[in-house]
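> return atomic coordinates for the entry below.
(4 chains)
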There are 2 protein chains.
Amino acid sequence: MQKTQFFFIYKIMAFIEHVDLTKRVYEELKKMILEGELKPGEKILQEKIAKQLGISRTPLLKALQMLEYELLVECIPRRGMYVKKLTTREIIDVFYAREVLEGLAARLSAQKISDDQIAQLRGLFEPFLQNTNNISFEAYEKADRRFHIMILKISDSTVLNRLEMIGNVLLIAYQASLVRPPSETLSEHIAIIDAISTRNGDLAERLCRDHISKSRAKLAKEIEIQQSKE
Amino acid sequence: MQKTQFFFIYKIMAFIEHVDLTKRVYEELKKMILEGELKPGEKILQEKIAKQLGISRTPLLKALQMLEYELLVECIPRRGMYVKKLTTREIIDVFYAREVLEGLAARLSAQKISDDQIAQLRGLFEPFLQNTNNISFEAYEKADRRFHIMILKISDSTVLNRLEMIGNVLLIAYQASLVRPPSETLSEHIAIIDAISTRNGDLAERLCRDHISKSRAKLAKEIEIQQSKE
DNA sequence: CTTTTAAATTTTGAATGCAAAAAACACAAT
DNA sequence: ATTGTGTTTTTTGCATTCAAAATTTAAAAG
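Now for the predicted structure:
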C-alpha cells in the first residue's frame, strides 16, 4: 500500500472517530457560557464540571485554556478558572479591533467572493427588506451575527478566522443590549454587501469600518448610561 | 488580620514565587523555536523535551498550546506537536492583519502617548540618524521590532496586546530576509513617530498602514523570487 | 458578637500511569 | 527492489494521584 493511500485512510479515520474529548468539552462549555448556564464572574468548579460531563480534569483544562483565548474564561493563577466578566474597556477594545479587522475582511472579500456567496449574504437580510418597520429583533440579531462571521469566512484569511473572540463579543454585546436597532444598521449592511459584490474593496472596507465605528460609539454611550444608573 | 492585609500578602507571595512551571517552559520553548534550536517542521518529542527541561509533559503541553495561538507550534491530532512551518499564505495573512491592527495602534497611541514614551520611540532610531548610509542591520532590526511592539504597548489596547503572533511573525520575516532595507523604512518610522507625537491619529494610522502595506508588498515579491529559484 | 488562631477540607498545579493509536522495524512475498 | 504483513516500540490522549496552596470551618480569645 502506498503512502498516499495511507494518508487518505487516516483522513477518513479522523473524520469517523470524532471522539476528541477536548473538542467536545470545548463546544459544551462554550455553549454553557454563551447561553448563561455559567454566569460571568462565576468560578468554574473543575471537579464538578468534569464529573458533570463525565470526563477528567485533563481535557477540561485544555478546553478552558482555549476559551481563555476567546475571552470567555479567565485564569487566575493558584485561584482557579472563572467565567470571564468582560470589563467595559475590554468590550470597547474588541470593537476597536473589529472596526479595522472586519474592514480588512470586507476589502479582501470583495476580491474573492463568489456569486454563490454573494447570494448567501443577500439572503441573510432578504426577510427584512419588505416589512422594514415590523422586524423580528431576534431573527435580525441572528442574521446580523451571521453576516459578520460570514464576511470573515469569505475573506479567507487564516488569521482573521482564528479570532473567535470577535463573534463571542458581538454576541455578548447583543445580550447586553448594547447594539443599534435594525432601522439603523439594515441599510448599512446592504450597502456593504453592494460594495463587496461590485468588487469595490476600498468602499467595502470604508463602509464596514464606519458601520462598526458607529456601533462602537453606540456601545460606549450605552455603557455610560447603564453605569450612571447604578 | 484583615482581608485587605491578606490581599497584599498574597500579592507579595505571587511576586516572590515566580515558580510557574508552565510560564518558565513557555519562555524556554519560545526561545528555542525563535532561535532556531527547534526547526520549523520538526516534531516536538514531548518526553525528550520534558526530560531536557526537567519537568513532566503536563506543563509542557500547556506551554505548547499557548505557542499554538502564537503561530509557533502546530498540533496535528493523534500525530503530535510540530514546530510550525508557516506557509507563505499565512505570513502574508499576518501582514494584512498587521497593516490594519498596527494602524489602529498608531491611531490610539496618538491619543494616549506620554512625553516619556515619545522620547523612548525617538530614542530607538536616534543612533541611525547620523550615519544614514552606514547602518548596522542587526541593530536596526532590533530597533525596528521594538518600535512595532512598543506602539502596540502604547496603544494600551487589551486586545492588541494579546496578539503575540504579530511580533513573532515580524521576527520570522526578518530571519527569512523578507523585509525592506533601513534606507526605505527609517524615514517612514520617523514620520509615524512625528504624527503620533503631534497627536495626529488619522495621519499616524495612515502612515503606519502604508508602511506595513509596502512591507507586505516587498514580502510577497521576495517570496515569489525565492520560490521561483527552487 | 467580633476578631484571631488553629484545624479540616477543598482545589490547584504538576507528576505519574495506562490503554489505544501510530510509527518503526523485521521479514516474507512478489 | 518494492510491496505487503505481522510484531515491537514509541507516542498520544486521557485518567489518576499527590503535595502544596487556598479556602472553609471550627474553636478560642478578646
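
> surely A:Asn161 touches A:Leu152?
Yes: between A:Asn161 and A:Leu152 there is a contact under CB atoms under 8 Å: 5.9 Å. C-beta: built from backbone N, CA, C; applies to glycine.

> of those two, which one has the most company?
A:Leu152 (24 against 15; other CB atoms under 10 Å in any protein chain shown).

> domain map for chain A?
A:3-83, A:88-229 (automatic domain parsing).

> the longest helix out of those in chain A close to chain B?
The residue-count maximum for a helix in chain A (DSSP state H) belongs to helix A:201-229. No: Helix A:201-229 lies out of reach of chain B by CB under 8 Å from any CB of the partner chain, never closer than 8.8 Å.

> A:Ser183 in helix, strand or coil?
helix (DSSP: H, G, I helix; E, B strand; the rest coil).

> list the contacts for it?
A:132-133 (CB atoms under 8 Å, 6 or more residues apart in numbering or on different chains).

> pull up the gap between it and DNA strand C, please.
45 Å (CB to the nearest atom of the strand, to the nearest Å).

> these two touch, right, A:Leu53 and A:Leu64?
No: at 12.0 Å, A:Leu53 does not count as touching A:Leu64 under the criterion of CB under 8 Å.

> neighbour count: these two, which is higher?
A:Leu64 (23 against 17).

> most tightly packed of the domains of chain A?
Counting by mean count of other CB atoms under 10 Å in any protein chain shown, domain A:88-229 has the highest mean neighbour count of those, with a mean of 18.

> tell me how far it is from the chain's mean position?
10 Å (CA atoms, centre = their mean, to the nearest Å).

> quick one: average confidence on that domain?
Domain A:88-229 shows a mean pLDDT of 96.

> output the set of residues of chain A in proximity to chain B.
So far as CB under 8 Å from any CB goes, chain A lies against chain B at A:14, A:20, A:61-62, A:65-66, A:69, A:77-78, A:89-90, A:93-94, A:96-97, A:99-101, A:103-104, A:108, A:157-160, A:162, A:165.

> could I get the full set of strands for chain A?
Assigned by DSSP state E, chain A shows strands spanning A:43-44, A:73-76, A:80-83.

> and A:Glu205, how far from B:Leu163?
20 Å (CB to CB, to the nearest Å).

> same question for A:Leu72.
According to CB to CB, A:Leu72 stands 17 Å off from B:Leu163.

> now swap in A:Ile49 and tell me
Plainly put, A:Ile49 is 29 Å away from B:Leu163 if you go by CB to CB.

> residue of chain A nearest DNA strand C, please.
Per CB to the nearest atom of the strand, A:Gly80 is where chain A lies closest to DNA strand C, at 2.8 Å.

> what's the closest non-adjacent residue to that residue?
A:Lys43 (5.5 Å; CB to CB, 6 or more residues apart in numbering or on different chains).

> for A:Glu70, same thing?
For A:Glu70, the spatially nearest residue (CB to CB, 6+ apart) is A:Glu164, at 4.4 Å.

> is it correct that the one you found is in contact with A:Tyr69?
Yes: distance between A:Glu164 and A:Tyr69: 7.5 Å, which falls inside the contact criterion (CB under 8 Å).

> A:Ile49 contacts A:Leu60, correct?
Yes: look at A:Ile49 against A:Leu60 with CB under 8 Å: they come within range, at 6.2 Å.

> shared neighbours of those two, anything?
A:Leu29.

> what's the closest non-adjacent residue to A:Glu90?
In space, A:Glu90 is closest to B:Thr158, 5.2 Å off (CB to CB, 6+ apart).

> actually, A:Arg206.
A:Gly103 (7.5 Å).

> what's A:Thr198 in contact with, if anything?
A:Ala110.

> hang on, isn't A:Val100 packed against B:Arg98?
No: using CB under 8 Å, A:Val100 makes no contact with B:Arg98, being 10.7 Å away.

> A:Glu222 versus the most centrally placed residue in chain A, what's the distance?
Residue closest to the average C-alpha location in chain A (CA atoms, centre = their mean): A:Gly167, at 1.1 Å. Computed as CB to CB, the A:Gly167 to A:Glu222 distance reads 20 Å.

> then A:Gly54?
Taking CB to CB, one finds A:Gly54 at 41 Å from A:Glu222.

> next one: the residue of chain A found nearest chain B from B:Glu205, what distance?
Proximity to chain B, evaluated over chain A using CB to the nearest CB, is greatest for A:Val100 at 3.8 Å. For A:Val100, the distance to B:Glu205 equals 9 Å [CB to CB].

> with A:Ala143 instead?
On the measure of CB to CB, A:Ala143 and B:Glu205 end up 31 Å apart.

> what residues does chain A have near DNA strand C?
With CB under 7 Å from any atom of the strand as the criterion, chain A meets DNA strand C at residues A:10, A:13-14, A:43-48, A:57-58, A:75, A:77-81.

> go back to those and keep what's next to DNA strand D.
Applying CB under 7 Å from any atom of the strand to these, those adjacent to DNA strand D are A:57-58, A:78-79.

> kind regards, and thank you for your time.
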